[in-house]
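Novice: coords please:
(one chain, ligands or ions: 1)
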Amino acid sequence: MELRGELPGDAQAVRDLHLRAFGEHGRVVVDLVESLRGTITPEDGLSLVAERDGRVVGHVMFTRSLLDAPRRLVDVQVLSPLAVTPELQGRGIGSALVRHGLEVLRGRGVPGVFLEGDPGYYARLGFEPGGGLGFRRPSLRIPEAAFQAVRLPAYESWMTGTLVYSEPFWRHDAVGLRDPGA
Ligand SMILES: CC(C)(COP(=O)(O)OP(=O)(O)OC[C@H]1O[C@@H](n2cnc3c(N)ncnc32)[C@H](O)[C@@H]1OP(=O)(O)O)[C@@H](O)C(=O)NCCC(=O)NCCS
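Specialist: Numbers count the residues shown, from 1 in each chain. Predicted coordinates:
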């Protein structure tokens with residue numbers, strides 16, 4: 001298996017992967033990916049694929065959001081989405097994509113990475129509940145335990161405060177959970 005940066009020719013395979021991995025939520029994820037992709041530059045953000053036998057079997061995206069810290073706004077990264085093709089889940093592909101991404105971001109001097117996800121999965125990759133680190137989630141609809149962060153070597157102790165998601169997350173209503181009864 002090879003991990004590499006996403007290329008323009010991968011877009012359809014990435015789309016199909018998310019539609020399969022996320023089931024009924026796939027459409028929103030695909031739209032989110034297409035908007036976020038436009039915010040990635042060679043220096044900022046990262047879209048990685050896992051390729052096996054010439055086929056895209058995993059994908060992860062890291063994109064810029066802001067941390068509203070007391071001293072100033074800080075550029076941070078948000079990990080979203082992450083998916084592995086259903087028949088190859090549970091073989092370490094998702095973990096390898098996240099670890100590789102964190103390594104690249106560490107090298108770029110990114111101070112922290114945030115996400116919403118299952119703590120049972122992300123704790124093994126170094127993520128901790130964001131609330132305990134002095135961070136606030138961007139929406140009350142994100143369960144407290146799901147809001148997680150990892151601090152990288154460029155992190156400094158004054159970098160606390162509220163995570164402000166980039167605009168595509170709001171545009172696609174891809175934040176937290178909606179209460180169907182509300
Ligand atoms: C979540 C996902 C990306 C993990 O990728 P993966 O390649 O299957 O994961 P890995 O092989 O690296 O890790 C597997 C381990 O994670 C666990 N795991 C997988 N998904 C999990 C979840 N949602 N919650 C908790 N643990 C999970 C597995 O049980 C396994 O544990 P084990 O090693 O103790 O047996 C993949 O299952 C997926 O695409 N799911 C559908 C899309 C999705 O929910 N994405 C995450 C959005 S936050």
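Novice: so what's the residue in the chain that the ligand sits nearest to up against?
Specialist: The chain approaches the ligand most closely through residue 94 (2.4 Å), counting by C-beta to the nearest ligand atom. Yep, even glycine has a C-beta here, placed from its N, CA and C like the rest. Applying C-beta atoms under 8 Å, 6 or more residues apart in numbering to residue 94 gives the contacts 58, 60, 82, 83, 84, 121.
Novice: could you redo the last one with a cut-off of 6 Å?
Specialist: 82, 84 (C-beta atoms under 6 Å, 6 or more residues apart in numbering).
Novice: Give me the most central residue, the protein.
Specialist: residue 79 (1.3 Å; C-alpha atoms, centre = their mean).
Novice: I'd like the average pLDDT over the strand or helix carrying the residue of the chain closest to the ligand.
Specialist: Assigned by DSSP states H and E, residue 94 belongs to helix 93-107. The average pLDDT within helix 93-107 is 98.
Novice: How far away from the center of its chain is that helix?
Specialist: 11 Å (C-alpha atoms, centre = their mean, to the nearest Å).
Novice: What separation do you get for the residue of the chain closest to the ligand and residue 2?
Specialist: 15 Å (C-beta to C-beta, to the nearest Å).
Novice: tell me, how many neighbours does residue 152 end up with?
Specialist: 19 (other C-beta atoms under 10 Å).
Novice: Enumerate the residues of the protein near the ligand.
Specialist: Residues of the chain lying close to the ligand (C-beta under 6 Å from any ligand atom) are 21-22, 81-84, 89-95, 117-118, 120-121.
Novice: Give me the subset of those lying in helices.
Specialist: If you go by DSSP state H, the residues of the chain next to the ligand have 21, 22, 93, 94, 95, 120, 121 in helices.
Novice: Tell me what residue 50 is bridged to.
Specialist: residue 3, residue 58 (DSSP bridges).
Novice: Test my guess that it contacts residue 58.
Specialist: Yes - using C-beta atoms under 6 Å, residue 50 is in contact with residue 58, at 3.4 Å.
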